[in-house]
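Trainee: okay, structure incoming, though there's no sequence with it:
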C-alpha cells in the first residue's frame, strides 16, 4: 500500500535536497497561476471592464491563454540554456524571470487609472511569466529524473507535478483566506495584490537552495565529453521527430485535464452550478490535495508495475468516468456539495495516477544532449495548443450548445487521445521491486551442503 513517508525514506539526502529545490521554484510558478485564477473575476473588473460579466471573464481567460503563447518560445530559450550551459543555470534564470512579473502584477495600475494600458501591461506580464514557465516546469522534470536512480525515477519525477499541485493549493488557500477576511472594497483596492507581492519571499528561498546544488552527473559527463555541437535545434528536429510527436499527443490529457480541472472547474461551479465562491474554492482546495496524493502514488506505483500500466489506468479511468461523474455533479448541484465534491474527486484520482509517471516517461524519450530542449518544446507546444485554450473552448461550446457537460466531453476526448499515444511508449519493466529473499530452509540446506 502506498505510504508517502515510507516511499520518501527510500530517497537519499542529496536527492531530497534536489527535490526540495525543484519543488520550491516550481510551486512558486503555480502559486501565481492559482492567484490569477482565484482573483480572475476581480482582475476582470479592474483591468478588462465590460457591461457583461461573462465578457470580462472571457477577456481574463484570454489573457490567461496569452501566457501560453510565450511558453514554446521560453522552451526554446531555456531548453538551449539547459542543454548547452547546464540544467541549474536554466532553472535559476527561469525563477528570476517568473518572480519579477509576479511582483509587478501586485502593483500594476488598474483600468481606472491608466485606461487600456492596464490590460496591455497585464497581458505583457502574463507573456513574461509564460516565457519563464516554458523552462521551469520541464526543467524541474529533467533535473529530478536525471538526478534519480533508475529504479526511483518515476517516484522522484512525480515531485514535479506534485509541487505543481502543492503550489496551486497554497495559492488557492491564500486567496480563499483573503477573500473570507476582507470586504469587497478592501479586496478590490489592495487585498488581492498582497499575495502576488509576497511571492518574492519564496523566490529568495528557492534561489538560495538551487545555488547550492550541482548539475546531474549524466549531464556533467556529456558536458565534459566536449560534444556540445550535438546541442542544436536541427539535431532535435531531424533525429527526434517521433519523440517530439509522441510527447505532444501524450500531453493532450495533461493539458486539457489540468487546466479544466484546476482553472475552469472552480468558476464553472460558481457561475453555472450556483455554488458560492467560498464553497467553490474550498472544494477546489480539497480536490488539489487529492490530486497531489494521487500523483505521488502514481509515480510510486509506476516504479513497481511499469509506467504504461499506471498511465493507461489513469487515462482510461478518466475516459470512462468523466461524463457520468460530471452529470452527477450537475444533478446534485449546490444542495449536495459533499456528494458532488466526492464525485469529482474520483476524476482527480485518475488524473493523478496518469500525471505521476509523466516526467520520467517523457524525459527518457530524449537523449541527454537535447533532453531539456526536446521535452520543453514538445510539452509546452501541447500546453499552448490544448491547455491555455481549454477554458475558452469549454465556455464557447457551453454557450453554443447550452450544455453543462461540455467539460466532460473534452476530458473524455483528451483521455482517449493520450491513452492511444501511451501505447507507443517503449515497453517498461518494473525495476524497483525487490528480489525475493530465499527461504530459510533453502539457505540452511545450502549452508549444510557446503559444510559437508
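Mentor: Sure thing, it's come through. In this text the structure is predicted, and so the values were computed from the model without any measurement.
Trainee: in the stretch 201-350 of the chain, where is pLDDT below threshold?
Mentor: Applying pLDDT under 70 to the stretch 201-350 of the chain flags the ranges 226-232, 333-338, 340.
Trainee: which parts of the stretch 1-150 of the chain are helices?
Mentor: In the stretch 1-150 of the chain, the helices defined using DSSP state H, counting those that start in this stretch lie at 4-9, 13-38, 40-47, 53-69, 71-84, 87-105, 111-114, 116-147.
Trainee: compare those helices and report which one is nearest to residue 339.
Mentor: Residue 339 sits nearest to helix 13-38 of all those, at 24.0 Å, using CB to CB. (C-beta placed from N, C-alpha, C; glycine too.)
Trainee: just want the angle from that closest one to helix 87-105.
Mentor: Helix 13-38 runs at 30 degrees relative to helix 87-105, counting by axes from the mean of the first three to the mean of the last three CA atoms, to 10 degrees.
Trainee: what packs against helix 13-38?
Mentor: Where contact means 3 or more CB pairs under 8 Å, 6 or more residues apart in numbering; DSSP states H and E, helix 13-38 is packed against helix 87-105, helix 116-147, helix 159-181, helix 194-211, helix 265-271.
Trainee: residue 278 is nearest to which of those?
Mentor: For these, proximity to residue 278 was assessed by CB to CB; helix 159-181 is nearest, at 6.3 Å.
Trainee: buried ones in the following helix or strand past the closest one?
Mentor: Note on helix 159-181: by DSSP states H and E, the next helix or strand toward the C-terminus is helix 184-189. Neighbour-count burial for helix 184-189 flags 187, 188 (criterion: 16 or more other CB atoms under 10 Å).
Trainee: which elements pack onto helix 184-189?
Mentor: Under the contact criterion of 3+ CB pairs under 8 Å, 6+ apart, helix 184-189 touches helix 40-47.
Trainee: which other helices and strands does the helix it packs on contact?
Mentor: Against helix 40-47 (3+ CB pairs under 8 Å, 6+ apart) you get helix 53-69, helix 111-114, helix 116-147, helix 184-189.
Trainee: among the ones you listed, which comes closest to residue 422?
Mentor: helix 116-147 (17.2 Å).
Trainee: ok, and what's touching the very next helix or strand once past that closest one?
Mentor: As assigned by DSSP H and E, the chain's next helix or strand after helix 116-147 is helix 153-157. By CB atoms under 8 Å, 6 or more residues apart in numbering, the residues outside helix 153-157 that reach it are 7, 10-11, 15, 19, 141, 144-145, 147-148, 296, 299-300, 302-303, 307, 356-361, 363-364, 432.
Trainee: make a PyMOL selection of the buried ones in those.
Mentor: Here is the PyMOL command that picks out the buried ones among those, judged by 16+ other CB under 10 Å:
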select buried, resi 7+11+15+19+141+144+145+147+148+296+299+300+302+303+307+356+357+358+359+360+361+363+364+432
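Trainee: hmm, back to that, for residue 240, which of the helices and strands packed on helix 40-47 is the nearest?
Mentor: Residue 240 sits nearest to helix 116-147 of all those, at 14.5 Å, using CB to CB.
Trainee: for the closest one, which residues meet the burial criterion?
Mentor: Using 16+ other CB under 10 Å as the test for burial, helix 116-147 gives 118-119, 121-123, 125-147.
Trainee: next one: it to chain centre, how far?
Mentor: Chain-centre distance of helix 116-147: 12 Å, with CA atoms, centre = their mean, to the nearest Å.
Trainee: so it versus helix 87-105, what angle?
Mentor: Relative orientation of helix 116-147 and helix 87-105, computed by the same axes, to 10 degrees: 160 degrees.
Trainee: rebuild the helices of the stretch 1-150 of the chain as a markdown table, extending it with mean pLDDT.
Mentor: Below are the helices of the stretch 1-150 of the chain laid out as a markdown table (pLDDT from 0 to 100):
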| stretch | mean pLDDT |
| --- | --- |
| helix 4-9 | 54 |
| helix 13-38 | 83 |
| helix 40-47 | 82 |
| helix 53-69 | 70 |
| helix 71-84 | 90 |
| helix 87-105 | 88 |
| helix 111-114 | 89 |
| helix 116-147 | 89 |
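Trainee: nearest to residue 196, of those?
Mentor: helix 87-105 (4.8 Å).
Trainee: relative to helix 40-47, how tilted is that closest one?
Mentor: Here helix 87-105 runs at an angle of 60 degrees relative to helix 40-47 (the same axes, to 10 degrees).
Trainee: pretty sure residue 148 contacts residue 15?
Mentor: Yes. Counting by CB atoms under 8 Å, residue 148 touches residue 15, with 6.4 Å between them.
Trainee: tell me the contacts of the residue lying closest to residue 251 once chain neighbours are set aside?
Mentor: Distances taken as CB to CB, 6 or more residues apart in numbering place residue 382 nearest to residue 251, at 3.7 Å, with adjacent residues excluded. Contacts of residue 382 were listed using CB under 8 Å, 6+ apart, and they are 247, 248, 249, 251, 252, 254, 255.
Trainee: circling back: need the helices and strands packed on helix 13-38 in JSON lines (columns: distance to residue 71).
Mentor: What follows is these, written out as JSON lines (distance: least, CB to CB, whole Å):
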{"stretch": "helix 87-105", "distance to residue 71": "11"}
{"stretch": "helix 116-147", "distance to residue 71": "4"}
{"stretch": "helix 159-181", "distance to residue 71": "14"}
{"stretch": "helix 194-211", "distance to residue 71": "19"}
{"stretch": "helix 265-271", "distance to residue 71": "22"}
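Trainee: of all those, which lies closest to residue 47?
Mentor: Closest approach to residue 47 among the helices and strands packed on helix 13-38 is made by helix 116-147 (4.8 Å; CB to CB).
Trainee: ok and that closest one relative to helix 194-211, angle-wise?
Mentor: 30 degrees.
Trainee: now helix 116-147 against helix 159-181, angle please.
Mentor: 140 degrees.
Trainee: now helix 116-147 and helix 71-84, what's the angle there?
Mentor: Using the same axes, to 10 degrees: helix 116-147 against helix 71-84 is 40 degrees.
Trainee: just put the helices and strands packed on helix 40-47 in TSV and tack on distance to residue 280.
Mentor: Formatted as TSV, those follow (distance: least, CB to CB, whole Å):
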stretch	distance to residue 280
helix 53-69	14
helix 111-114	26
helix 116-147	23
helix 184-189	16
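Trainee: and those helices: which comes nearest residue 290?
Mentor: Closest to residue 290 of these is helix 116-147 (CB to CB; 20.7 Å).
Trainee: ok, residue 258 - contacts?
Mentor: Taking CB under 8 Å, 6+ apart as the test, what residue 258 contacts is 164, 351, 355, 387.
Trainee: let's see it at 6 Å
Mentor: Residues near residue 258 by CB atoms under 6 Å, 6 or more residues apart in numbering: none.
Trainee: burial measure for the nearest residue to residue 391 once chain neighbours are set aside, as a count.
Mentor: Of all residues not flanking residue 391 in the chain, residue 264 sits nearest, at 4.2 Å (CB to CB, 6+ apart). Look at residue 264: counted by other CB atoms under 10 Å, it has 21 neighbours.
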